[in-house]
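In: Sequence and predicted structure, then a few things I'm wondering about:
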Amino acid sequence: MALSGGSTPKALYSLLVSEEFRDRFPWRQVSWFWGDERSVAYDHPESNYRMAREAMLAKVPVPPTNIFPIPIDGEPETAAGHYERTLQEAYGAPTLILRGRSSISCCWEWVMTATRRRCFPATSY
């Protein structure tokens, strides 16, 4: 499952952990990835990982070994390479990710494939 940040996903995450739905979802069987993340610490108020953890993942029985946040340390290209390998290990196939970065730390879109990895400055954020 690939997670996103923002108010719409947050509302969905809250709904999934509500009494009505919490016991109907196979929490222990799902691996959790992110489709985008800001270049901030995981505990920063703008972190998509933090939002998903607080709104959903910390409230249900998800094994920590099933949670795969996007690396936020180091150079963007290096972090992209690490996450590309994580996704390839999980899915065994070339991976394409479009990853946005907010104005907190520059704006970038990431494109990663099995054969090449490139970062492109975002021009329309």
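Out: Perfect, thanks for sending it. None of these values were measured; they are calculated from a predicted model.
In: mind listing the helices for this structure?
Out: 7-16, 48-55, 76-91 (DSSP state H).
In: To residue 33, which of the ones you listed lies closest?
Out: Nearest of those to residue 33, taken as C-beta to C-beta: helix 76-91 at 6.8 Å. Placement of C-beta: from N, CA and C, glycine included.
In: in the closest one, what counts as buried?
Out: Of the residues in helix 76-91, 76, 79, 80, 83, 84, 86, 87 count as buried by neighbour count, 16 or more other C-beta atoms under 10 Å.
In: re the thing from before, format the helices of the chain as TSV; extra columns: distance to residue 31.
Out: Shown next, in TSV, are the helices of the chain (distance: least, C-beta to C-beta, whole Å):
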stretch	distance to residue 31
helix 7-16	16
helix 48-55	13
helix 76-91	6
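In: want to try TSV for those, with distance to residue 70 and mean pLDDT as columns?
Out: Formatted as TSV, the helices of the chain follow (distance: least, C-beta to C-beta, whole Å; pLDDT from 0 to 100):
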stretch	distance to residue 70	mean pLDDT
helix 7-16	15	92
helix 48-55	7	96
helix 76-91	5	83
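In: right, and the ones you listed - which one's nearest residue 61?
Out: helix 7-16 (12.9 Å).
In: angle of that closest one against helix 48-55?
Out: 30 degrees (axes from the mean of the first three to the mean of the last three C-alpha atoms, to 10 degrees).
In: Fine by me, we can end here.
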